[in-house]
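Undergrad: 3D, please:
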Amino acid sequence: MTKIKVIIPAYNEEASIPLVIKAIPTIVNEIIVVSNTSTDNTELNAKNAGATVLIEPQKGYGYACLKGLDYIAKQDSKPDIVVFLDGDYSDYPEELTKIVKPIIEENIDFVVGARVKELREEGAMTKPQIFGNWLATTLMGLFFKSTFTDLGPFRAIKYSKLLDLKMEDKTYGWTVEMQLKALKQKMSYKEIAVNYRNRIGVSKVSGTVKGAIFAGVKILTWIFKYSFK
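TA: Sure thing, here's the model as predicted:
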């Protein structure tokens with residue numbers, strides 16, 4: 001049987017995190033919530049919902065993801081697939097089965113959930129997010145002949161391939177770093193259209209001008225770094 005672990009970075013998501021955890025299909029072996037300097041009841045609510053809870057004191061999406069990977073690396077039994085999922089309930093966790101299906105049935109290395117317009121709730125993505133995704137994926141297509149259309153956070157990857165990527169970004173560049181490195185290493189990949197709704201609470205990145213600017217700069221930095229390597 002395929003062993004699947006889910007990593008959920010979370011910062012002050014006390015209202016949404018139980019909903020996310022409860023909606024994750026039972027095919028998952030372990031749900032790992034990494035509290036990234038949360039000051040509310042995120043950790044307590046995640047634990048009560050049945051998740052393994054880790055605490056990452058350094059603020060940053062990448063820091064939280066790396067904390068989850070470090071935890072997995074220290075376990076005796078390793079997963080076949082690792083799924084990354086946000087803790088704000090904007091994704092539909094029940095769609096995890098279709099995210100991992102190409103890996104299990106087609107031996108694809110890496111799958112990204114694409115937040116396509118026709119399945120996206122009105123206002124679920126801000127204009128800066130939409131433009132940033134378009135720009136980043138257009139540049140990836142130009143430089144790497146990539147067919148990616150989104151930098152969606154809901155994604156699955158073979159654990160062995162994830163280790164090969166040697167992920168390092170600590171903040172906003174985590175998703176684009178993963179996609180760029182997968183392209184550079186010529187991994188097989190696929191996008192699956194997923195539903196996307198308005199998140200619970202306020203976004204810590206796209207909800208602020210500072211966050212949107214930093215995220216945009218980080219994404220472009222990774223793209224140009226790899227384009228001229």
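Undergrad: can we go C-alpha only for contacts and neighbour counts from here?
TA: OK.
Undergrad: Can you get me the start-to-end distance on stretch 75-85?
TA: For stretch 75-85, the first-to-last residue distance is 21 Å (CA to CA, to the nearest Å).
Undergrad: which residues are contacting it?
TA: Identification of contacts with stretch 75-85 by CA atoms under 8 Å, 6 or more residues apart in numbering yields 2-9, 72, 91, 93, 100, 153-160.
Undergrad: For the closest residue to Gln179 other than its chain neighbours, which residues are in contact?
TA: Excluding the flanking residues, the one nearest Gln179 by CA to CA, 6 or more residues apart in numbering is Leu151, at 8.0 Å. By CA under 8 Å, 6+ apart, Leu151 lies in contact with Val112, Ala114, Asn133, Thr137, Thr175, Val176, Gln179.
Undergrad: In a strand, the first one, correct?
TA: Put plainly, it is Val112. Yes - in this structure, Val112 lies within a strand as judged by DSSP: H, G, I helix; E, B strand; the rest coil.
Undergrad: distance of it from Glu56?
TA: Taking CA to CA, one finds Val112 at 25 Å from Glu56.
Undergrad: ok, the residue sitting nearest the centre point of the chain to Tyr172 distance?
TA: In the chain, the C-alpha nearest the mean C-alpha coordinate belongs to Pro153, at 3.1 Å (CA atoms, centre = their mean). According to CA to CA, Pro153 stands 11 Å off from Tyr172.
Undergrad: Filter the contacts of stretch 75-85 down to just the buried residues.
TA: 4-9, 72, 91, 93, 100, 153-159 (16 or more other CA atoms under 10 Å).
Undergrad: ok, back up a step: compare Val112 and Glu56 (neighbour count), which wins?
TA: Val112 (27 against 20; other CA atoms under 10 Å).
Undergrad: ok, that one touching Arg155?
TA: Yes - look at Val112 against Arg155 with CA atoms under 8 Å: they come within range, at 4.4 Å.
Undergrad: quick one: common contacting residues for the two?
TA: With CA under 8 Å, 6+ apart, Val112 and Arg155 have common neighbours Ile99.
Undergrad: so where's this structure uncertain?
TA: Scanning the chain for pLDDT under 70 picks out 203-215, 227-229.
Undergrad: Where do the helices of it begin and end?
TA: 17-23, 42-48, 61-73, 96-106, 127-144, 159-165, 174-184, 209-227 (DSSP state H).
Undergrad: Export the ones you listed as JSON lines, with columns for distance to Asp86.
TA: Formatted as JSON lines, the helices of the chain follow (distance: least, CA to CA, whole Å):
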{"stretch": "helix 17-23", "distance to Asp86": "8"}
{"stretch": "helix 42-48", "distance to Asp86": "13"}
{"stretch": "helix 61-73", "distance to Asp86": "10"}
{"stretch": "helix 96-106", "distance to Asp86": "12"}
{"stretch": "helix 127-144", "distance to Asp86": "15"}
{"stretch": "helix 159-165", "distance to Asp86": "18"}
{"stretch": "helix 174-184", "distance to Asp86": "12"}
{"stretch": "helix 209-227", "distance to Asp86": "16"}
